[in-house]
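A.B. asks: need coordinates for the below:
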Amino acid sequence: MDLPKDVYPTPLERELWAKAVQTPGEVTDAERLIVLRQADLTTQIAHALEVSGLTPEELENKALTSPESMTSEECRLMRNGYHIWDPWESTANSKIHWCHEDRTAHLKARRALVTPRDDAVSLAVRCRANDFSAARAKETKARLESYAEDMKQPCKWVRKLIDPSVSWSNQTRRWGFVVFRDSATIGDSNNDSWERFLTVMDSRVDEGLRLLKGGTAIIPTKEFTFSDGLVSESSPEILRSIFQDRVAGEVDPNPRILTNTFLLVTPEVVNACINTRTPWIWAYDAKFVPSTTPPPPPPSADSAAGAEHYEGRLKVSLYTLLTWFYAVRSEELYSMDLFWELAQKQPVQAWSVPTQSGLYHHPLVILKKGTLYPSNTYELENGP
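C.D. replies: Numbers count the residues shown, from 1 in each chain. The predicted structure follows:
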C-alpha cells in the first residue's frame, strides 16, 4: 500500500496567512476556509450529512449544547476540517512535519480569523475527542490483556470445533463443506488431473489451517463431502435445488457441515489448483435468489463494458477456504456479495484473508474510508 505524501503549505496559503494577519477584514469566505484548513462549503455539507445526518451549523450547535452526544466519527470529521480522511491521510495533512516558521505563521493567521464561537466549538470538540481517546486507551489496555490471554489458546471459532474432553490428536467433530463436481471434469485424460487436484486441494487448505493456533487439531476432522453424481456449472439454480434437497433429506444433519454454502469444482478450478500458485474454488450462496438481486448498473464511461457483477458465487482461495471463509459463513457475519466486492480487488479475484498472529484476521470486506482496523481484530462471535 502506498502511503500518502506529507502535505506542506503552498505559496498561496502563505500569502493568505499574511493577508489574514494584515487585513483580516478583506479575507473572503473562500479564503477563510483555506486559512482554517477546512473543506469548501459544498464538501462540508456533504460530509457532515454523510457522517451525522446534520448540516455543519447543526453539528456545531450539537457540539456546543450537548457535546456528550457527539460521536467519535463526528469529532474526527470536525477536527479534520470536514475532510473524510483515513488515518494515513490525516497524518499526512497534519502540521507535525511543518517547520517552526510555518506553524507559527499559520497559528497567527488562524487567530486573526476565528470567532469566539469557533473557539467554543473547537474546545468542545477537543474535550469530547479526549474522552474518546481516554476510552480507547482503556479499551486498548483491556484488549492487550485479552490478547495475552488469547495467545495461550485457539481463537474462538476454532475452539467450537474442538472437543475439550479429548486430546487434540483424537478429535472427532467433523466439519466442512458439501462439494459438487462439474461433469466437464470427467474424462479418460482427466483422471490423473482429478487425483492431483484432490491432493493439492487437501494440501493447500491444510497450509492455511496450520497458520491458526489450534489449526493442527482440526485438520484431521475437516471434511469435503462430495455429492453423488455430476452437475453442470451452467445451471446454478438446479445446483442450489439439489443442495437444498440434500439438506432437507438428512435425518441427522451435522451442524458443522455448512448448509448456507456449498462448493463447486470445475475444470477452471482444477487448472488453478494444479497449475498456478493461486489455487481457488467456487463457493455458492445456497440462499441466493437471482430475482431479488437488482440488475448491475450500466457501465460508466471509465469502466470496462460488460463488467461482471455478483451472481451468488465467488472464488475463494484454498488457503482461506477452511479458515476465515468457513468461520464467517458458519456465523453469516457478512453477506457473500460483500466478499465478492473485496475479491475483485485481489489476485485472480479470489477472496483471501490472511491470518494474523494465529488468532486474528485482516479485513473481511472492503473497509469504508476512514475506518480504523487494528491488526489484532476478531470480528466473529465472542461466545464460548
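
A.B. asks: ranges for the strands of the chain?
C.D. replies: In the chain, strands defined by DSSP state E lie at 175-181, 222-226, 257-265, 280-285, 313-317, 350-351, 355-356, 360-361, listed in chain order.

A.B. asks: from the contact counts, what lies against the third one?
C.D. replies: In this case it means strand 257-265. For strand 257-265, the packing partners by 3 or more Cβ pairs under 8 Å, 6 or more residues apart in numbering; DSSP states H and E come out as strand 175-181, strand 222-226, helix 236-249, strand 280-285, helix 326-331. To be clear about C-beta, it is placed using only N, CA and C from the backbone, and glycine gets the same treatment.

A.B. asks: run the last query once more with 10 Å
C.D. replies: Judged by 3 or more Cβ pairs under 10 Å, 6 or more residues apart in numbering; DSSP states H and E, strand 257-265 is in contact with strand 175-181, helix 191-210, strand 222-226, helix 236-249, strand 280-285, strand 313-317, helix 326-331.

A.B. asks: quick one, which of the ones you listed is nearest to Thr55?
C.D. replies: Among the helices and strands packed on strand 257-265, helix 326-331 comes nearest to Thr55, with 37.8 Å by Cβ to Cβ.

A.B. asks: tell me the buried residues in the closest one?
C.D. replies: For helix 326-331, burial by neighbour count (16 or more other Cβ atoms under 10 Å) applies to 326-330.

A.B. asks: any weak-confidence spans in the stretch 51-200 of the chain?
C.D. replies: Within the stretch 51-200 of the chain, the ranges that satisfy pLDDT under 70 run 144, 146-151, 188-190.

A.B. asks: about what we covered before: could I get the helices and strands packed on strand 257-265 as a markdown table with distance to Ala92?
C.D. replies: A markdown table is the format used below for the helices and strands packed on strand 257-265 (distance: least, Cβ to Cβ, whole Å):
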| stretch | distance to Ala92 |
| --- | --- |
| strand 175-181 | 44 |
| helix 191-210 | 35 |
| strand 222-226 | 45 |
| helix 236-249 | 45 |
| strand 280-285 | 36 |
| strand 313-317 | 32 |
| helix 326-331 | 33 |
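
A.B. asks: which residues are in contact with Asp192?
C.D. replies: Ile274 (Cβ atoms under 10 Å, 6 or more residues apart in numbering).

A.B. asks: run the last query once more with 7 Å
C.D. replies: If a contact means Cβ atoms under 7 Å, 6 or more residues apart in numbering, then Asp192 has no contacts.

A.B. asks: ok, Arg173 next?
C.D. replies: Counted by Cβ under 7 Å, 6+ apart, Arg173 has contacts 161, 163, 221, 256.

A.B. asks: from Val348, how far out is it?
C.D. replies: 32 Å (Cβ to Cβ, to the nearest Å).

A.B. asks: with His97 instead?
C.D. replies: Counting by Cβ to Cβ, the gap from His97 to Val348 is 39 Å.

A.B. asks: per-domain residue ranges of this structure.
C.D. replies: The chain breaks down into these domains under automatic domain parsing: 11-132, 156-289+309-361.

A.B. asks: span of the longest one from start to end?
C.D. replies: By that I understand domain 156-289+309-361. 13 Å (Cα to Cα, to the nearest Å).

A.B. asks: count of neighbours near the nearest residue to Thr266 once chain neighbours are set aside?
C.D. replies: Using Cβ to Cβ, 6 or more residues apart in numbering and skipping residues adjacent in sequence, the residue nearest Thr266 is Asp182, 4.4 Å away. Here the number of neighbours of Asp182 (other Cβ atoms under 10 Å) works out to 20.

A.B. asks: if I look at Asp182, how far off is Phe226?
C.D. replies: Remark: distance between Asp182 and Phe226 (Cβ to Cβ) = 12 Å.

A.B. asks: please apply the same query to Gly370.
C.D. replies: Gly370 is 45 Å from Phe226, by Cβ to Cβ.

A.B. asks: quick one, which of those two is more surrounded?
C.D. replies: Ranked by neighbour count (other Cβ under 10 Å), Gly370 and Phe226 place Gly370 first, with 17 against 13.

A.B. asks: returning to what we had before: from the contacts of Arg173, which two are the most distant?
C.D. replies: Asp163 and Arg256 (11.5 Å).

A.B. asks: now do the contacts for Glu101.
C.D. replies: Contacts of Glu101 by Cβ under 7 Å, 6+ apart: none found.
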